[in-house]
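> Turn this into a model:
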Amino acid sequence: MRTQLLIFFLVSFLLGNAQHSPAPPSGNKAVKLIAEMIDSIANLKTVRTSIKSLERINNAYSSSASEIKVNVNPRKLYFKGREGKLEILYVTGSYNNKAVVKPHVFPYLTLTLETRGNLMRKNQHYTIHELGFDFIGKTIALILSKEKENMAKSLTYLGKHEHNGYMCHMVIYETKNYPFYEYTVKHKETVTSIAYKQSVNDYMLREKNNLFNDFGYLKEGSKIQIPHMYCKKAVLYLDEKTMLPVSVSIYDDIGLFENYDYTNIKINKPIDEKEFTKGYKDYGF
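Residues are numbered from 1 along each chain as shown. Just a heads-up that it's a prediction; the model follows:
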């Protein structure tokens, strides 16, 4: 329902913009493509894909490669680091709603961890709940919902380009207004809860306020800096066949914050229930 409302919001903007005030044609084209992307994501049932990520961690860049398989609803996920050093299994309602984690390095112990706990979150931009495409669609829609009448002016369509082996529509979002404001921490608030409430990036708050290791309640009354917008700039490559994002780059006031490239994308193909169990033959839990 929420996704349908976001699509309705974007389409309504297009119609209203066409009737009242002129906007850059490339901007209107970009808004239409974003609406199609959100609709495509909303229709996903299963996803298999390889991911290459580049994330700014402690003012340096960290790269990794992984493979995931996801059942969207109910959410079931298997993650494997491309180097084979880590496996993660999460199944809604199973294992006390915790993640089963197997690092293939000493001491080789299989752990059951809180998905939003410090061990799972440390030096990571996102949790396993954000892996896949659903979070991308919601995030982009939230970015644009803050723009309102400036939406088309903030978006640019740069035509078709080949990227990651796919022929893609290239769309760029950029805002000229990217201020930070001072926020007073309230009772029993965490970095994560504040980020969720303010619709901004969790790790970006940690980096801006030097809260890399603060995963519990923050001190009530303390001050932190929060960006008004989720990002300053976003670059998207949308596969013209599936309208899914095969590449996403996010920028803040410093520069590139994160980049994710998706390849070997397979969608809406049944995944055997056994593939979401610890004892599956290909896993090493």
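
> Could you use CA atoms for every contact and neighbour count after this?
OK.

> got a list of what the closest residue to residue 253 other than its chain neighbours touches?
For residue 253, ignoring the flanking residues on the chain, the nearest one in space by C-alpha to C-alpha, 6 or more residues apart in numbering is residue 232 at 6.5 Å. In this structure, residue 232 makes contact with 174, 175, 176, 177, 178, 250, 251, 252, 253, judged by C-alpha atoms under 8 Å, 6 or more residues apart in numbering.

> ok, how many other residues are close to the last one?
The local packing of residue 253 (other C-alpha atoms under 10 Å) involves 13 other residues.

> Tell me, how many residues neighbour the closest residue to residue 109 other than its chain neighbours?
The shortest distance from residue 109 to any non-neighbouring residue, by C-alpha to C-alpha, 6+ apart, is to residue 102 (6.3 Å). Neighbour count for residue 102, taken as other C-alpha under 10 Å: 20.

> any idea how far residue 38 lies from residue 77?
21 Å (C-alpha to C-alpha, to the nearest Å).

> just residue 186 next, same as before
34 Å.

> same check, this time on residue 54
21 Å.

> Same drill for those two, tell me which one is more crowded.
A side-by-side neighbour count of residue 54 and residue 77, using other C-alpha under 10 Å, places residue 77 first with 25 against 17.

> residues near residue 39, how many?
18.

> Reduced to three states, what does it come out as?
Three-state call for residue 39 (DSSP: H, G, I helix; E, B strand; the rest coil): helix.

> Spell out the residue ranges of the helices in the stretch 151-285 of the chain.
Secondary structure of the stretch 151-285 of the chain (DSSP state H, counting those that start in this stretch): helices at 151-154, 191-198, 202-209.

> circling back to that earlier point, now do the contacts for the residue nearest to residue 109.
So residue 102 contacts 86, 87, 88, 108, 109, 110, 111, 284, 285 (C-alpha under 8 Å, 6+ apart).

> for residue 27, same thing?
By C-alpha under 8 Å, 6+ apart, the neighbours of residue 27 are 151, 152, 153, 154, 155, 156, 157.

> The same query, at a cut-off of 10 Å, please.
By C-alpha atoms under 10 Å, 6 or more residues apart in numbering, the contact set of residue 27 is 14, 33, 150-158, 171-173.

> So for residue 100, what's the nearest residue that isn't a sequence neighbour?
Here the nearest residue to residue 100 in space, its sequence neighbours aside, is residue 112; by C-alpha to C-alpha, 6+ apart that works out to 4.6 Å.

> Am I right that the one you found falls within a strand?
Yes - counting by three-state DSSP, residue 112 falls inside a strand.

> In this structure it contacts residue 87, no?
No - with contact defined as C-alpha atoms under 10 Å, residue 112 does not reach residue 87; the gap is 11.8 Å.

> More neighbours: those two, which one.
residue 87 (22 against 17).

> can you count the residues close to residue 180?
Residues lying near residue 180 (other C-alpha under 10 Å) number 14.

> just the one 3 residues further on next, same as before
Taking other C-alpha under 10 Å as the criterion, the count of residues near residue 183 is 14.
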